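Engineer: Starting from these lines, generate the structure:
(one chain, ligands or ions: 1)
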Amino acid sequence: MVILWCFNNRPDQYLARVPCHSGQPDSNHKTIESIQETAVSEKKRVVVLLSGNGSNLQALLDQEHHYSYQIVGVVSNVPEAYGLERARQHKVAALGLDYKIFSSRGAFDQRLVEEVNRFEPDLVVLAGYMKILSPEFVEKFAGRLINVHPSLLPEYKGLGTYRRVLADKKTRHGCTVHFVTPELDSGAHIIQASMSVGPGDNEEGLKQRVQAMEHQIYPLAVHLITSGRLQLKGDNVLLDDHPIDPLGYQLLENALELA
Ligand code: GRF
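Structural biologist: Here you go, the predicted model:
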């Protein structure tokens with residue numbers, strides 16, 4: 001079921017609001033005040049892995065002041081990635097690890113584990129990290145490793161999602177935040193945001209709209225995990241101890257505050 005939340009200008013309040021359609025308070029959700037209390041208590045340590053532009057990193061950095069996490073380090077497999085520059089500008093430790101100088105994927109990922117662990121992260125966040133992680137890496141951070149993917153998973157795993165959605169004349173597209181497992185784009189869903197696609201849409205336009213949604217739901221997802229409200233138990237994702245929709249907590253484009 002998709003719930004359209006009343007519009008408000010604080011993304012951390014999405015899940016604390018009364019659904020527009022019923023007019024009745026939802027007893028499964030905490031109050032706005034209790035969410036804000038969680039947000040200002042102890043900040044959890046987050047490490048971001050990326051390979052390129054880093055617009056999702058920027059969104060995470062811009063919103064961390066009112067959420068329960070702090071970005072303590074950014075690591076890239078591409079030393080010239082612009083995301084590393086964004087981290088430096090924000091006075092966050094930034095490390096470029098050139099995968100080309102390592103003898104194998106295993107050797108690279110072993111070093112990556114060491115470097116990530118130096119930051120003592122509570123959560124590791126993939127934000128446009130374009131290298132497939134080894135099962136060993138995923139195993140090391142199981143349950144505290146998440147990704148954002150530009151499609152309504154389980155549809156359109158892998159690359160080229162905008163092109164494929166348009167080619168298939170789909171009427172809906174979106175993005176999914178999910179836990180990472182060794183199988184590509186297949187872990188348990190956390191939040192999914194969707195929007196309509198029309199005949200006038202093109203790849204660049206779709207990308208901009210999807211990324212605008214990512215920039216809202218990714219910080220929100222990181223907050224929900226680091227504040228302890230959202231947990232992975234076995235294959236199920238629990239929000240405030242209640243199982244969520246297996247497709248992820250559903251949000252609609254017109255309910256998000258988009259830049
Ligand atoms: C995002 O759109 C995300 O869906 C995908 O990679 C892209 C990275 O963009 N995993 P940016 O580097 O955060 O701008």
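Engineer: Close to the ligand: what parts of the stretch 51-200 of the chain are there?
Structural biologist: When proximity is defined by CB under 6 Å from any ligand atom, the stretch 51-200 of the chain lies next to the ligand at Gly52, Asn53, Gly54, Ser55, Asn56, Gly83, Ala127, Gly128, Val148, His149, Pro150, Cys175. (Glycine included, C-beta is placed from N, CA and C.)
Engineer: and with 5 Å instead?
Structural biologist: For the stretch 51-200 of the chain, the residues found near the ligand under the criterion CB under 5 Å from any ligand atom are Gly52, Asn53, Gly54, Ser55, Asn56, Ala127, Gly128, Val148, Pro150.
Engineer: what's around the residue nearest to the second one when sequence neighbours are not counted, how many residues?
Structural biologist: Which is Asn53. Excluding the flanking residues, the one nearest Asn53 by CB to CB, 6 or more residues apart in numbering is Tyr82, at 5.3 Å. Residues near Tyr82, counting by other CB atoms under 10 Å, number 16.
Engineer: cool, and His178?
Structural biologist: So His178, with other CB under 10 Å, has 22 neighbours.
Engineer: Show me what the one helix or strand it maps to is packed up against.
Structural biologist: Assigned by DSSP states H and E, His178 falls within strand 172-179. Contacts defined by 3 or more CB pairs under 8 Å, 6 or more residues apart in numbering; DSSP states H and E place strand 172-179 against strand 145-149, helix 161-167, strand 189-196, helix 203-226.
Engineer: related to what we said a few turns ago, do I have it right that the residue nearest to Asn53 meets Ser51?
Structural biologist: No - with contact defined as CB atoms under 8 Å, Tyr82 does not reach Ser51; the gap is 10.1 Å.
Engineer: chain center to the helix or strand hosting Asp62: distance?
Structural biologist: Asp62 is located in helix 55-63, with elements delineated by DSSP H and E. How far helix 55-63 lies from its chain's middle: 11 Å, per CA atoms, centre = their mean, to the nearest Å.
Engineer: Likewise for stretch 195-212?
Structural biologist: For stretch 195-212, the distance to the chain centre is 19 Å (CA atoms, centre = their mean).
Engineer: model confidence over that stretch, on average?
Structural biologist: Average pLDDT, stretch 195-212: 96.
Engineer: got the buried residues for it?
Structural biologist: Met195, Val197, Asp201, Leu206, Arg209, Val210, Gln211, Ala212 (16 or more other CB atoms under 10 Å).
Engineer: Reformat those as TSV; add distance to Tyr249.
Structural biologist: As requested, the buried residues of stretch 195-212 are arranged in TSV below (distance: CB to CB, whole Å):
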residue	distance to Tyr249
Met195	16
Val197	21
Asp201	25
Leu206	22
Arg209	19
Val210	17
Gln211	19
Ala212	18
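Engineer: Quick check: the residue nearest to Asn53 vs Val138, distance?
Structural biologist: Applying CB to CB, to the nearest Å, the value for Tyr82 to Val138 is 26 Å.
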